[in-house]
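Novice: sequence? don't have it. structure:
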């Protein structure tokens with residue numbers, strides 16, 4: 001498995017050199033929208049991709065709230081759900097306490113204190129105290145929406161929009177300008193690829209590569 005900077009030559013530059021076997025072209029390969037989020041760059045066949053699953057979350061405090069605190073450090077996790085999260089103050093005052101309910105109505109926190117980091121597979125955040133204390137039944141909603149168009153980027157372990165999860169392998173050679181979007185071909189489900197032809201960002205260490213490989217395997221894409 002290679003860790004080459006984009007723009008450097010790589011011998012596995014065609015689909016036939018990367019793809020060993022696919023279950024069925026109609027199901028295993030897909031036309032995708034690929035987005036170059038960097039400067040002008042070259043993307044080799046075999047580049048590992050992640051799918052953007054979420055738009056940036058929108059935080060909205062209820063207009064009737066007493067407290068003027070904020071939600072800080074919000075990031076989405078791998079298990080984030082599309083819909084509206086509810087952050088509800090259950091005990092007001094200087095030592096306010098909150099519950100966190102996910103879009104399906106499940107409580108994922110029941111006694112979250114202000115200025116205390118909350119970390120969950122769905123999202124992480126801190127309810128920060130403001131100049132005016134939170135009051136019971138103050139509420140903040142966090143809306144997580146799916147993009148209008150499904151798009152892929154180079155897998156990014158630091159991302160929080162879903163693209164941190166390896167989910168496809170690029171099957172075409174691309175040379176793109178900054179922020180350019182293009183329809184291209186990728187292996188998105190059930191197939192075998194040459195393990196030494198997979199290309200990861202330079203920032204990936206071995207642990208990140210191993211995780212990405214396991215993520216690909218979860219959608220049936222295996223290195224051989």
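Specialist: Sure thing, it's come through. Model, not experiment: these values are computed from the prediction.

Novice: rest of the way, CA atoms for contacts and neighbours
Specialist: Noted.

Novice: which is the next helix or strand following the longest strand that the chain contains?
Specialist: Here the longest strand in the chain is taken by residue count, with DSSP state E as the criterion, and it is strand 83-91. Per DSSP states H and E, strand 83-91 leads on to strand 97-101 as the next helix or strand towards the C-terminus.

Novice: the following helix or strand past that following strand pairs with which strands, parallel or anti?
Specialist: On the C-terminal side of strand 97-101, the closest following helix or strand by DSSP H and E is strand 107-113. Strand 107-113 sits in its sheet next to strand 97-101 (antiparallel), going by DSSP bridges.

Novice: and for the partner strand, what are the contacting residues?
Specialist: Where contact means C-alpha atoms under 8 Å, 6 or more residues apart in numbering, the residues beyond strand 97-101 that reach it are 85-91, 107-114.

Novice: and the strand or helix carrying residue 217, what does it pack against?
Specialist: Using DSSP H and E, residue 217 sits within helix 206-218. Contacts of helix 206-218 with other secondary structure elements, assessed using 3 or more C-alpha pairs under 8 Å, 6 or more residues apart in numbering; DSSP states H and E, are made with strand 166-170, strand 221-223.

Novice: run the last query once more with 7 Å
Specialist: The elements that helix 206-218 packs onto, with contact taken as 3 or more C-alpha pairs under 7 Å, 6 or more residues apart in numbering; DSSP states H and E, are strand 166-170.

Novice: the strand it packs on pairs with which strands, and in what direction?
Specialist: Strand 166-170 has these partner strands in its sheet, going by DSSP bridges: strand 48-52 (antiparallel), strand 181-187 (antiparallel).

Novice: rounded mean pLDDT for it, please.
Specialist: Mean pLDDT, computed over strand 166-170, is 96.

Novice: what's the spacing between that strand and its chain's center?
Specialist: Centroid separation for strand 166-170 versus its chain: 13 Å, with C-alpha atoms, centre = their mean, to the nearest Å.

Novice: helix/strand/coil for the residue most central in space within the chain?
Specialist: Nearest to the centroid of the C-alpha atoms of the chain, with distances taken as C-alpha atoms, centre = their mean, sits residue 162, at 1.6 Å. Secondary structure of residue 162, reduced to three states by DSSP: H, G, I helix; E, B strand; the rest coil: coil.

Novice: roughly how far apart are it and residue 138?
Specialist: For residue 162, the distance to residue 138 equals 30 Å [C-alpha to C-alpha, to the nearest Å].

Novice: swap in residue 93?
Specialist: Between residue 93 and residue 138 the distance, using C-alpha to C-alpha, works out to 11 Å.

Novice: so which of those two has more stuff around it?
Specialist: Here residue 93 and residue 138 are set side by side on neighbour count (other C-alpha atoms under 10 Å), and the busier one is residue 138, at 21 against 14.

Novice: that one contacts residue 68, doesn't it?
Specialist: No - using C-alpha atoms under 7 Å as the test, residue 138 is too far from residue 68 to be in contact (9.6 Å).
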